[in-house]
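1. Could you look at this predicted model? Sequence included:
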Amino acid sequence: MYICLCNGLSDTRIQAAIDAGASRTHDVYAACGCRAQCGCCTATILGLLRAPATAAEGSAGAA
């Protein structure tokens, strides 16, 4: 699914950047070789960036 229409970034490409170590939206754009254009996708990218940390915190609390 496309997350960023301006740069043609899909969720899988963004997730690959996150898996490679991107920790900020700027890092995601840089890893994909682009920059934010209109900014509509930044909230979604932030959500993807925060999702793994939230999942890890939830599983750590259950132990």
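-> In hand now; what should we look at? Numbers count the residues shown, from 1 in each chain.

2. Would you mind pointing out the helix or strand the residue nearest the centre of the chain falls in?
-> Centroid-nearest residue in the chain, with C-alpha atoms, centre = their mean: residue 45, separated by 3.8 Å. For residue 45, the host element (DSSP states H and E) is helix 42-62.

3. sorry, back to before: show the contacting residues for the residue nearest to the centre of the chain.
-> 3, 4, 14, 25, 28 (C-beta atoms under 8 Å, 6 or more residues apart in numbering). From N, CA and C alone the C-beta is placed, and that goes for glycine too.

4. And the fourth one, how far from residue 12?
-> Relative to residue 12, residue 25 is positioned 17 Å away (C-beta to C-beta, to the nearest Å).

5. of the two, who's got more company?
-> Neighbours were tallied for residue 25 and for residue 12 using other C-beta atoms under 10 Å; the higher tally belongs to residue 25 (19 against 10).

6. State the pLDDT value of the more buried one.
-> The per-residue pLDDT reported for residue 25 equals 97.

7. what's it in contact with, if anything?
-> Contacts for residue 25 (C-beta under 8 Å, 6+ apart) come out as 36, 42, 45, 46, 49.

8. hmm, 7 Å instead?
-> Taking C-beta atoms under 7 Å, 6 or more residues apart in numbering, we find residue 25 in contact with 36, 42, 45, 46.

9. List only buried entries from the residues you listed.
-> Neighbour-count burial (16 or more other C-beta atoms under 10 Å) applied to these gives 36, 42, 45.

10. any chance of those in CSV, with pLDDT and distance to residue 21 too?
-> Below are these laid out as CSV (pLDDT from 0 to 100; distance: C-beta to C-beta, whole Å):
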residue, pLDDT, distance to residue 21
36, 95, 19
42, 97, 19
45, 97, 15
